[in-house]
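*Asks:* just a sequence and a predicted model for now, questions to come.
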Amino acid sequence: MKLIVKIYVLLILVAYVSCDNLELDPLNSVGSDVFYTSPENLNAGLYGIYDALQLEGMYGEQVLLDGLSDNCIVAPNFAPDVFNFAAGNQVEVAASFIDNYQDAYVLIQRANLLLDNADGVDGIPSSDLELIKAEARGLRALAYMKLVYLFGDVPFITTSISRDEALQISRTSRDIVIEFVLDEFVAVAAILGTTSSDGRLTRQAILGLHAKVMLYEARIGNKTWADALTAINDAIAVADSGGHDLFDTDTPTNDYKSLFTEANEGNSEFIFSVKFNSIDLSNSYLERYSWQAGVLVMYVHQNFADAYDYADGSDYNPTDDTYVGRDPRLSVNIMHEGLTFAGLTYDGTDGGGFVGGNSPGTATNLFLYKFVSTDFSATFNEGTLDVPVLRYADLVLMQAEALNETNGDGHPALNLVRDRAGLPGLAGLSQSDLRDEIIHERRVELAFEGQRWFDLVTLGLADNIINTIVEEDATVERGFTANRNELLPIPQTEIEANPNLTQNPGY
């Protein structure tokens, strides 16, 4: 109980981000030299950094990133910035994606404050001190990783600074920041162990994140595929030694669904996940799915439902308007006609079953189902469902891709994930065809985990894929402009507050 109080105090002290612009009011302006005076307070400071992962712009609304991709679109009244970006209406950028931008700096500033003060704390064993500092560094690197792949060049801050100092910082090249992220991941991995308290960083988590950055950079052309494969293999080896594997109970029709239930939180497949708690439940969009109508804000494209093949491995036939005999993951990820939810059967018609009428983009009558609580009595923001940041299946598919790009055989790794889903394995595909199958598998396996947007952008596929989405009778069109929409706009309020901050091209 005392630690919880300490965390509350810390969160009050570091509430430095306003709704108008990026304010980096250091904790020392209100007494960080007083706060960081004991091992207990230092631990509270670390928990404050982990707490920032729950913020909407970090992982509280991670699922909304799928609304930028070809998987779905978000209701305009719920997330207008995501909706307008997806529809190609980049007119108002004043506060667009401000949570994604500012919340990352909330975490970064909390980490910087701890790192600036940690060495002055007495009474803590040096080994414990190094672990705490390593976790803070790892979380800070994760925040910069997200910032770069969303915004490109960003202000780069590694010490706690004042608000006035923050409003003078210009953007640093994304390549410099990425090298910092990679170096930090390597350094931190050498310090962390393979076991930790629930929800804390481990060596396998850090190496997995390092591998993902290497994969992204290889796709872009900044790193070699051979180096990416080495990083991925290293991450998998450590994950294996740490007891991670694909979650498998020998029931393909149920294994995948069971992954995302509270009963199986902390399962062997989750290498790193954000643990939501009662302090910040209101920030988690996943928690809002506990509300019976929360499902209605994520509208799934028919194109995405059609991406799920038949369970026997054959391609889906678009003339078949049923959902019988399909990849079992379809009925876990997408609410469609015939599904039973909380004792009711969805009939898939406008206003029918248990859902409301159509809104823009709902012509398909397909909705998000993954992560949704089946408890109709649950109230808004109840629940503590974990948000996956890195799963073992993701690592395996990364390995398949890197093997294929280095002229190795990516079939076995790909087939591990397909087998868990109950699908037959693939064999004898050309490099090009296998590449397509791997990217397809990432789409259906990692649905609504915020991965698809980053895949499309780093693979250079966003323009061609997103602009081909056409929904019959839909009241919204999708739009993507090459050489602009690969990056989100820097919130205009940030630019107006900082004369040295520039906007991304095209905004």
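*Replies:* Received the coordinates, thanks.

*Asks:* where in the stretch 351-500 of the chain is pLDDT low?
*Replies:* For the stretch 351-500 of the chain, applying pLDDT under 70 flags the ranges 351-363, 373-384, 471-476.

*Asks:* which stretches of the stretch 1-150 of the chain have low pLDDT?
*Replies:* 1-34, 90-95.

*Asks:* what are the ranges of the helices in it?
*Replies:* Applying DSSP state H, counting those that start in this stretch to the stretch 1-150 of the chain gives helices spanning 2-13, 32-35, 39-52, 80-87, 98-117, 126-151.

*Asks:* what's the most buried one of those helices?
*Replies:* helix 98-117 (a mean of 24; mean count of other Cβ atoms under 10 Å). C-beta coordinates here come from the backbone N, C-alpha and C atoms, glycine included.

*Asks:* hmm, back to that, same list, the helices of the stretch 1-150 of the chain, but as a markdown table with distance to W453 please.
*Replies:* Below are those laid out as a markdown table (distance: least, Cβ to Cβ, whole Å):
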| stretch | distance to W453 |
| --- | --- |
| helix 2-13 | 29 |
| helix 32-35 | 36 |
| helix 39-52 | 21 |
| helix 80-87 | 10 |
| helix 98-117 | 11 |
| helix 126-151 | 9 |
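
*Asks:* and the ones you listed: which comes nearest I220?
*Replies:* Ranking those by proximity to I220 (Cβ to Cβ) places helix 126-151 first, at 10.0 Å.

*Asks:* show me what that closest one is packed against.
*Replies:* helix 39-52, helix 98-117, strand 154-155, helix 174-189, helix 203-220, helix 452-458 (3 or more Cβ pairs under 8 Å, 6 or more residues apart in numbering; DSSP states H and E).

*Asks:* so the first one versus helix 126-151, what angle?
*Replies:* Pointing back at helix 39-52 there. 20 degrees (axes from the mean of the first three to the mean of the last three Cα atoms, to 10 degrees).

*Asks:* for the fifth one, same thing?
*Replies:* In this structure, helix 203-220 runs at an angle of 30 degrees to helix 126-151, with the same axes, to 10 degrees as the basis.

*Asks:* can you classify G199 by secondary structure?
*Replies:* coil (DSSP: H, G, I helix; E, B strand; the rest coil).

*Asks:* so what does it have for phi and psi?
*Replies:* As for G199, its main-chain torsions (degrees, to the nearest 10) stand at phi 90, psi 0.

*Asks:* which non-adjacent residue is nearest it?
*Replies:* K275 (3.5 Å; Cβ to Cβ, 6 or more residues apart in numbering).

*Asks:* report how many residues lie close to the one you found.
*Replies:* For K275, the neighbour count with other Cβ atoms under 10 Å is 18.

*Asks:* and N467, by the same measure?
*Replies:* Close neighbours of N467, defined as other Cβ under 10 Å, add up to 16.

*Asks:* from L487, how far out is it?
*Replies:* 17 Å (Cβ to Cβ, to the nearest Å).

*Asks:* show the contacting residues for Y323.
*Replies:* A305, L330, S331, H336, E337, G338 (Cβ atoms under 8 Å, 6 or more residues apart in numbering).

*Asks:* may I see the PyMOL selection of the buried members of those?
*Replies:* Applying 16 or more other Cβ atoms under 10 Å to the contacts of Y323, the buried members can be selected in PyMOL as follows:
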select buried, resi 305+330+331+336+337
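
*Asks:* turn the contacts of Y323 into CSV, including distance to R443.
*Replies:* Formatted as CSV, the contacts of Y323 follow (distance: Cβ to Cβ, whole Å):
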residue, distance to R443
A305, 12
L330, 12
S331, 16
H336, 17
E337, 22
G338, 23
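
*Asks:* in strands, which of the contacts of Y323 appear?
*Replies:* Among those, DSSP state E puts none in strands.

*Asks:* that older thread, thought the residue nearest to G199 was touching D386?
*Replies:* Yes - applying Cβ atoms under 8 Å, one finds K275 in contact with D386, separated by 5.9 Å.

*Asks:* quickly list what's touching both of the two.
*Replies:* G199.

*Asks:* show me how far stretch 159-174 is from its chain's centre.
*Replies:* 25 Å (Cα atoms, centre = their mean, to the nearest Å).

*Asks:* list the buried ones in it?
*Replies:* S160, I161, R163, A166, L167, I169, R171, T172, R174.

*Asks:* would you mind measuring from the second one to L113?
*Replies:* Distance check for I161 against L113: by Cβ to Cβ, it reads 10 Å.

*Asks:* quick one: residues contacting I438.
*Replies:* Counted by Cβ under 8 Å, 6+ apart, I438 has contacts L397, A400, E401, N404, G410, L414.

*Asks:* surely the third one and K212 touch.
*Replies:* To tie it back to what came earlier, the one meant is E401. No - assessed by Cβ under 8 Å, E401 is found out of contact with K212, at 11.2 Å.

*Asks:* higher neighbour count, those two?
*Replies:* E401 (28 against 25).

*Asks:* where does the residue lying closest to the more buried one once chain neighbours are set aside land in three-state SS?
*Replies:* Leaving aside its chain neighbours, E401 sits nearest to I438 (4.9 Å; criterion: Cβ to Cβ, 6+ apart). Three-state assignment for I438 (three-state DSSP): helix.

*Asks:* distance check, I438 against G410.
*Replies:* Distance from I438 to G410, by Cβ to Cβ: 6 Å.

*Asks:* and the helices in the stretch 201-350 of the chain, which stretches?
*Replies:* 203-220, 225-241, 252-259, 285-288, 302-306, 330-333.

*Asks:* and those helices: which comes nearest C72?
*Replies:* Here helix 302-306 is closest among the helices of the stretch 201-350 of the chain (Cβ to Cβ), at 6.6 Å.

*Asks:* how much space separates G410 from I439?
*Replies:* 11 Å.

*Asks:* which one of these two has more residues nearby?
*Replies:* G410 (24 against 17).

*Asks:* surely the more buried one meets L397?
*Replies:* No - the criterion here is Cβ under 8 Å, and G410 misses it with L397 at 9.1 Å.

*Asks:* list the contacts of P424.
*Replies:* Contacts of P424 (Cβ under 8 Å, 6+ apart): D312, G313, R418.

*Asks:* what does the closest residue to the first one other than its chain neighbours show for phi and psi?
*Replies:* With Cβ to Cβ, 6+ apart as the measure, P424 is the residue that lies nearest to D312, at 6.9 Å, once sequence neighbours are left out. Geometry field for P424 lists phi and psi as phi -70, psi 160, criterion degrees, to the nearest 10.

*Asks:* was I right to think S173 contacts V148?
*Replies:* No - using Cβ under 8 Å, S173 and V148 do not qualify as a contacting pair, with a distance of 9.7 Å.

*Asks:* picking up where we left off before, now the helices of the stretch 201-350 of the chain as a markdown table including distance to V74?
*Replies:* Output for the helices of the stretch 201-350 of the chain, formatted as a markdown table (distance: least, Cβ to Cβ, whole Å):
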| stretch | distance to V74 |
| --- | --- |
| helix 203-220 | 24 |
| helix 225-241 | 31 |
| helix 252-259 | 23 |
| helix 285-288 | 10 |
| helix 302-306 | 14 |
| helix 330-333 | 16 |
